[in-house]
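S.K.: need coordinates for the below:
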Amino acid sequence: MKLEEALPQLHRQVKDKLLRRAWPTLTQDIAALLGGVRSCVMLDYVQLPAGKLHKQLIPLWEAWHQLHVISVLQMEDAIFLIRRSLLVDRMVRDLQHPEMGPLFVRVDTGTPQICPEAAASPELAQFLKALK
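M.R.: Down below sits the predicted model:
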């Protein structure tokens with residue numbers, strides 16, 4: 001089944017009105033992930049608690065097998081949709097070309113900080129290993 005055929009069917013399965021309201025943006029993000037345009041999106045526009053949002057998304061993934069290339073990642077109170085393979089490839093490519101970036105921003109310190117040394121951090125290595 002093609003994406004344009006599946007999305008209206010998936011939309012009918014969404015029961016939560018806040019998620020239904022966010023549906024147009026969510027479908028654009030899903031299309032960008034499936035098409036390889038994006039490797040990761042943050043669902044900050046969905047005004048649901050992370051746990052409830054995660055529970056609302058699971059039936060959609062079960063209903064349409066092509067969504068299985070997209071993972072739902074919860075980090076504290078934020079929900080991300082990621083394409084693991086694309087995200088890992090992008091991060092590895094960025095790490096191999098330090099002149100082009102990557103840009104890592106630490107937000108756990110209270111004030112966001114740009115961290116150019118993050119490329120060598122054990123946390124990043126652990127994160128990449130977990131994604132694979």
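S.K.: going by C-alpha atoms from here, please, whenever you check contacts or count neighbours.
M.R.: Noted.
S.K.: where does the residue sitting nearest the centre point of the chain sit: helix, strand or coil?
M.R.: The residue lying closest to the centre of the chain (C-alpha atoms, centre = their mean) is Leu81, at 2.3 Å. At Leu81, secondary structure determined by DSSP: H, G, I helix; E, B strand; the rest coil is strand.
S.K.: measure it to Ile70 for me?
M.R.: Leu81 is 6 Å from Ile70, where distance means C-alpha to C-alpha, to the nearest Å.
S.K.: could you do Lys52 as well?
M.R.: For Lys52 relative to Ile70 (C-alpha to C-alpha), the value is 18 Å.
S.K.: the two: which has the busier surroundings?
M.R.: More neighbours surround Ile70 than the other of Lys52 and Ile70, with 19 against 10 (other C-alpha atoms under 10 Å).
S.K.: the more buried one and Ser85 touch, don't they?
M.R.: No. The pair Ile70 and Ser85 fails to qualify as a contact (C-alpha atoms under 8 Å) at a distance of 9.5 Å.
S.K.: could you list the low-pLDDT ranges of this protein?
M.R.: The model of the chain has pLDDT under 70 over residues 1-4, 98-110, 112-132.
S.K.: in the helix or strand encompassing Val41, what counts as buried?
M.R.: In the assignment (DSSP states H and E), Val41 maps to strand 40-42. For strand 40-42, a neighbour-count test (16 or more other C-alpha atoms under 10 Å) marks 40-41 as buried.
S.K.: sheet-wise, list the partners of it with their directions.
M.R.: Paired with strand 40-42 in the same sheet, following DSSP bridges, are strand 78-82 (antiparallel).
S.K.: got the contact list for the partner strand?
M.R.: In this structure, residues lying in contact with strand 78-82 by C-alpha atoms under 8 Å, 6 or more residues apart in numbering are 33, 39-44, 50, 53-54, 70-74.
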